[in-house]
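In: Sequence first, predicted model second:
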Amino acid sequence: MIDMNRNTAFAIAGICGTAFLGYCVYFDRKRRNDPDFKKKLLETERKQWQTKSSGGNTTVMPDLRDVEAVQKFFLKEVQLGEELLASGDHEGGVEHLTNAVAVCGQPQQLLQVLQQTLPQPVFAMLLEKLPSISQRLATSPAMSSAVPKPEEPSSATITDVDDLE
């Protein structure tokens, strides 16, 4: 009796395994024959490549005219930076601290505090990343709308001083 139950269980397990493999093969073939499959695959690979080539940085800078948004962003970036540094992710922590320095109203004072609190190699990494974040901040849409555009030269003419006398 036990032998028959064991054989039945093996047969059922074999049938289920075969059905599962058939299911996987059927849907894999259906997916690969989909006309949009290659397009979706290339699009996914392109997005992954762009994320890697941009350094994986997807931080969206706040509108620099909105003081409250800048303050929230600053505090969030400092907190994330500290958490990542504490967990051992020095590059991620430095990235967030660099963002905080970039939007800080008094970056020199913040850098002095960071120099005293961070290990020297981590602080050196922070200093290396500052020029790139400043460049990214200058080219961000939030910054370009915050910077006033130079005024057009006026069409006024200069009069001679002799004419006024």
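Out: Cool, the structure landed.
In: which sections of the protein are below the confidence cut-off?
Out: Across the chain, the ranges flagged by pLDDT under 70 are 1-3, 49-58, 134, 137-165.
In: which stretches of it form strands?
Out: For the chain, applying DSSP state E gives no strands.
In: Which residue, neighbours along the chain excluded, lies closest to residue 111?
Out: Nearest residue to residue 111, sequence neighbours excluded (CB to CB, 6 or more residues apart in numbering): residue 101, at 6.5 Å. Any C-beta I mention is one placed from the backbone N, CA and C, and that applies to glycine too.
In: what's around residue 76, how many residues?
Out: Per other CB atoms under 10 Å, the neighbour tally for residue 76 reads 15.
In: who's in contact with the closest residue in space to residue 80 that isn't next to it in sequence?
Out: Counting by CB to CB, 6+ apart, the nearest residue to residue 80 once its immediate chain neighbours are dropped is residue 96, at 4.4 Å. Residue 96 makes contact with 59, 77, 78, 80, 81, 84, according to CB atoms under 8 Å, 6 or more residues apart in numbering.
In: ok, of those residues, which one's closest to residue 17?
Out: residue 84 (44.3 Å; CB to CB).
In: thinking again about what came up before, let's see which of the contacts of residue 96 end up in helices.
Out: Judged by DSSP state H, the subset of these located in helices is 77, 78, 80, 81, 84.
In: Those into TSV, with extra columns for neighbour count and distance to residue 21?
Out: Formatted as TSV, those follow (neighbours: other CB atoms under 10 Å; distance: CB to CB, whole Å):
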residue	neighbour count	distance to residue 21
77	21	49
78	18	52
80	18	45
81	24	48
84	18	43
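In: so what are the domain limits for this structure?
Out: Domain segmentation of the chain under automatic domain parsing yields 1-35, 60-143.
In: can you pull the contacts of the residue nearest to residue 111?
Out: 107, 110, 111, 114, 126, 130, 133.
In: repeat for residue 108
Out: Residue 108 makes contact with no residue, according to CB under 8 Å, 6+ apart.
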